[in-house]
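Asks: Turn this into a model:
(one chain, ligands or ions: 1)
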Amino acid sequence: MSARIIDGKAIAQHLRETIAADVARIAARHGAQPGLAVVLVGNDPASEVYVGSKARQTVAVGMRSFEHRLPADVPETELLALVEQLNRDDAVDGILVQLPLPAHIDTNRVIEAVDPGKDVDGFHPVNAGRLMIGLPGLVACTPLGSLLLLQSVHADFSGLSAVILGRSNIVGKPVAQLLLQQNATVTIAHSRTRDLPGLCRTADIVVAAVGRPELVRGDWIKPGATVIDVGINRLPPAAGEAKGRLVGDVAFEEAKSVAGAITPVPGGVGPMTIACLLRNTLQAFKARRGID
Ligand code: NDP
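Replies: Numbering: from 1, shown residues only. Predicted coordinates:
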């Protein structure tokens, strides 16, 4: 049996179309337009690509995009002052400070400086806390995207067991909270977990977010399980290749022949992240302005 491939590109495109329609409806009715500000510090090539792609997709759904670029050696106080200015700017509904930040800047201090109502990354302790206790708030984009992909397969998570590989604040922990809210029985695994393959084999749902190329093998997967591969890893280039291949945290070809449904890399979770950022920006806009 070969698994159903969960098409993140198509699901993300559908989500963007829904958002664009809602933005157009709001513009016609209220004459207002959501705005997303992205702050990029330094010129890390991967971050440049993400920021460019975010700006294009923001404009494509009818929102305003504001880009702020600061040099890699910008003092922390200057970055915090910009965040404060964006907090006060009424045209800005969402603020995203692209991570990672240079080592001289305290990332947590910057995250905590963002107004929780504009925290479209969902990283602020207020939003992380609201997720933890089941209150509405802004949820981190990659975990939210992973949940939407899972919901394209499962209408109900009651009685299903989920193993989350990875316990980071930006992926593993929020994914676990979201699945717990959906009534799955959740186990979070990490680098100190004993017998990871055995644990995975018990799971109806496996979410891999470890950043280790193809760590999860086909024989770790219970037949018919749903596998969400969050990992994005670039392998060293093979002979004759200019760039190495992108692979996930799951050995896709092996897992595909055992799983019931699986996300590819690329084309799975990746496209959902920016689509969910736009969804969060629209949510923040509506909440700030009391628009439905
Ligand atoms: P982190 O490095 O912050 O966390 C990795 C987690 O995996 C840690 O909890 C770590 O355990 C655990 N881990 C590492 N090695 C092993 C191992 N051998 N066995 C079991 N657990 C292990 O990574 P992120 O959560 O930020 O990202 C994870 C992956 O997701 C990366 O590949 C990243 O590129 C990708 N990603 C993709 C996004 C997208 O848009 N699709 C967005 C964000 C991330 P411990 O805590 O014990 O160290």
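
Asks: Centre of the chain to the longest helix along the chain, how far?
Replies: For the chain, the longest helix by residue count, based on DSSP state H, is helix 8-30. Its chain's average C-alpha position is 18 Å from that of helix 8-30, according to CA atoms, centre = their mean, to the nearest Å.

Asks: And for stretch 146-155?
Replies: Offset of stretch 146-155 from its chain centre (CA atoms, centre = their mean): 14 Å.

Asks: how about it: buried residues?
Replies: 146-150, 152 (16 or more other CB atoms under 10 Å). C-beta coordinates here come from the backbone N, C-alpha and C atoms, glycine included.

Asks: quick check, nearest of those to Pro271?
Replies: Closest approach to Pro271 among the buried residues of stretch 146-155 (CB to CB): Leu149, at 10.0 Å.

Asks: Settle this for me: Ile111 is touching His124, isn't it.
Replies: Yes: taking CB atoms under 8 Å as the definition, Ile111 is a contact partner of His124 at 5.9 Å.

Asks: Spit out the contact partners of Arg212.
Replies: 231, 233, 249 (CB atoms under 8 Å, 6 or more residues apart in numbering).

Asks: filter these to the buried ones?
Replies: Listed as buried from the contacts of Arg212 are 231, 233, 249; burial here means 16+ other CB under 10 Å.

Asks: Just the strands from the stretch 151-292 of the chain, written as ranges.
Replies: 161-165, 185-189, 205-208, 226-229, 233-234, 246-247, 261-262 (DSSP state E, counting those that start in this stretch).

Asks: Now tabulate the ones you listed in JSON lines and tack on mean pLDDT.
Replies: Output for the strands of the stretch 151-292 of the chain, formatted as JSON lines (pLDDT from 0 to 100):
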{"stretch": "strand 161-165", "mean pLDDT": "99"}
{"stretch": "strand 185-189", "mean pLDDT": "98"}
{"stretch": "strand 205-208", "mean pLDDT": "99"}
{"stretch": "strand 226-229", "mean pLDDT": "99"}
{"stretch": "strand 233-234", "mean pLDDT": "94"}
{"stretch": "strand 246-247", "mean pLDDT": "96"}
{"stretch": "strand 261-262", "mean pLDDT": "98"}
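
Asks: any chance of those in JSON lines, plus distance to Val269?
Replies: As requested, those are exported to JSON lines (distance: least, CB to CB, whole Å):
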{"stretch": "strand 161-165", "distance to Val269": "13"}
{"stretch": "strand 185-189", "distance to Val269": "18"}
{"stretch": "strand 205-208", "distance to Val269": "9"}
{"stretch": "strand 226-229", "distance to Val269": "6"}
{"stretch": "strand 233-234", "distance to Val269": "13"}
{"stretch": "strand 246-247", "distance to Val269": "12"}
{"stretch": "strand 261-262", "distance to Val269": "11"}
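
Asks: need these in a markdown table with distance to the ligand, can you?
Replies: Converted to a markdown table, the strands of the stretch 151-292 of the chain look like this (distance: least, CB to the nearest ligand atom, whole Å):
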| stretch | distance to the ligand |
| --- | --- |
| strand 161-165 | 6 |
| strand 185-189 | 6 |
| strand 205-208 | 8 |
| strand 226-229 | 9 |
| strand 233-234 | 5 |
| strand 246-247 | 10 |
| strand 261-262 | 15 |
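
Asks: before we move on, the earlier item: now, among the contacts of Arg212, which is nearest to Pro116?
Replies: Using CB to CB, Gly231 is the member of the contacts of Arg212 that lies nearest Pro116, at 28.8 Å.

Asks: what pLDDT does the nearest residue to that closest one once chain neighbours are set aside get?
Replies: Nearest non-adjacent residue to Gly231, counting by CB to CB, 6 or more residues apart in numbering: Asp249, 3.1 Å away. As predicted, Asp249 sits at a pLDDT of 98.

Asks: List the contacts of Asp249.
Replies: 165, 208-216, 229-231, 233.

Asks: Phi and psi next, for it.
Replies: The phi/psi pair for Asp249 (degrees, to the nearest 10) reads phi -90, psi 0.

Asks: so Ile188 bridges to which residues?
Replies: Following DSSP bridges, Ile188 is listed with bridge partners Ile164.

Asks: residue contacts, the nearest residue to Arg217 once chain neighbours are set aside?
Replies: Distances taken as CB to CB, 6+ apart place Ala251 nearest to Arg217, at 5.2 Å, with adjacent residues excluded. Ala251 makes contacts with 214, 216-218, as judged by CB under 8 Å, 6+ apart.

Asks: same check, this time on Arg167
Replies: 173, 188-190 are the contacts of Arg167 under CB under 8 Å, 6+ apart.

Asks: All good on my end, thank you.
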